[in-house]
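**Q** using only what follows, build the 3D model:
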Amino acid sequence: MEQILSVMPAINAVLISTSGLFIIGGVVAIKRGQRERHQKAMLIATSLATLFFILYVTRLALGGMTPFQGPPAVKMIYLFILASHVLLATVQAPMTLVTLWRAMRGNWSDHRRIARFTYPIWIYVSFTGVLVFGLLHYRYA
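**A** Numbers count the residues shown, from 1 in each chain. Next comes the predicted model:
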C-alpha cells in the first residue's frame, strides 16, 4: 500500500497537467471553429480532472498530508501558492459543472460567458497543482 501511495502524487501531477493541456487544446480548437474537437478535448480534460480528484482524495484519506520541508522564506511563498490553488480549485469545480451543463443543453451564449472565466482558472489550478507537487516531492523533499 505504501508503494501505491508514494506514486500517487506523481500520477496526480500527470493527470492534472494533462487535463490543463487538453483545456488549452480545446480552446484552440473552438477558436479555429473545430467544435467536435473542442467537445472531445473538454470531455477528456474533465474526465482527467475527475480522476485526479478521486485519486487525490483517496491518497489524502489513506496517506495524509505531505508537510512542506523547505526553508521558512520559501514556505511563505509555497503557502500563498497553495492557498490560491485550493481557493480557485474550489471555485473551478462548480464552474466547470455549470460550463459543461450549459454546453450539453446547447445554451451557447451562457456557455461562452462562463467558459471565459472557467478556462483561465482551470489553467492556473493545473499549473499551480504541478508547482505544489514539485515543491513538496522534489525540490525540498
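**Q** chain center to stretch 134-141, what's the gap?
**A** Using C-alpha atoms, centre = their mean, to the nearest Å, we find the averaged C-alpha position of stretch 134-141 to lie 19 Å away from the chain's own average C-alpha position.
**Q** contacts for that stretch?
**A** Counting by C-beta atoms under 8 Å, 6 or more residues apart in numbering, the neighbours of stretch 134-141 from elsewhere in the structure are 9-10, 13, 66, 68-71, 74, 78, 81. Yep, even glycine has a C-beta here, placed from its N, CA and C like the rest.
**Q** in these, find the pair that's most separated.
**A** Largest separation among the contacts of stretch 134-141 by C-beta to C-beta: 10 and 71, giving 23.7 Å.
**Q** quick one: contacts for the residue nearest the centre of the chain?
**A** Geometric centre of the chain, nearest residue: residue 126, 3.8 Å, by C-alpha atoms, centre = their mean. By C-beta under 8 Å, 6+ apart, the contact set of residue 126 is 16-17, 19-20, 23.
**Q** hang on, the earlier thing: any idea which of the contacts of stretch 134-141 is closest to residue 35?
**A** Out of the contacts of stretch 134-141, the one with the shortest distance to residue 35 is residue 13. That distance is 30.4 Å, counting by C-beta to C-beta.
**Q** which residues touch that closest one?
**A** Residues in contact with residue 13 (C-beta under 8 Å, 6+ apart) are 129-130, 133-134.
**Q** of these, buried ones?
**A** Among the contacts of residue 13, those buried by neighbour count (16 or more other C-beta atoms under 10 Å) are 129-130, 133.
**Q** many thanks, I have nothing further to ask.
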